[in-house]
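[1] this is the structure alone, sequence omitted:
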């Protein structure tokens, strides 16, 4: 299921990039994120991030390879395990006026067909809420 979101924010690209790149802070403000463990990856710009999500009584963790590119203001993630047959996402932050055009693309498929029928639409719908959480966090950190 491929989804694309974009949103204009009044904060600079570097500031928005820093919030999304701050993986360890996700449990504090990202909806349904219970825990995040980050380890170094195979290259300086790569991290292995294990995110634990909760939806009601269900808790599920998965690990992603996250590639950070501060020069291009992009963050790419690819799930390596967990409930997904695949999950690929890309964040990009481009100057726009006095702020930033935040773009988020996610493409995923849940492995279990029975769970996917219910969980995929719910997971897709959650993405807009997650984008809003990052914008709200930028406002909190850098002022309205």
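    All right, it came through fine. Note that the structure is predicted; figures quoted are calculated from it, not measured. Residues are numbered from 1 along each chain as shown.

[2] could you pull out the helices in this structure for me?
    13-21, 26-29, 113-142 (DSSP state H).

[3] the longest one packs against which elements?
    What it means is helix 113-142. strand 2-9, helix 13-21, helix 26-29, strand 99-110 (3 or more Cβ pairs under 8 Å, 6 or more residues apart in numbering; DSSP states H and E). Any C-beta I mention is one placed from the backbone N, CA and C, and that applies to glycine too.

[4] just for the chain, where's the confidence low?
    Counting by pLDDT under 70, the low-confidence segments of the chain come to 124.

[5] if I pick residue 45, what's in contact with it?
    Applying Cβ atoms under 8 Å, 6 or more residues apart in numbering to residue 45 gives the contacts 67-69.

[6] looking at these, spot the one nearest residue 107.
    Closest approach between the contacts of residue 45 and residue 107, by Cβ to Cβ: residue 67, at 15.7 Å.

[7] which residues pair with that closest one across the strands?
    With DSSP bridges as the criterion, residue 67 is bridged to residue 46, residue 76.
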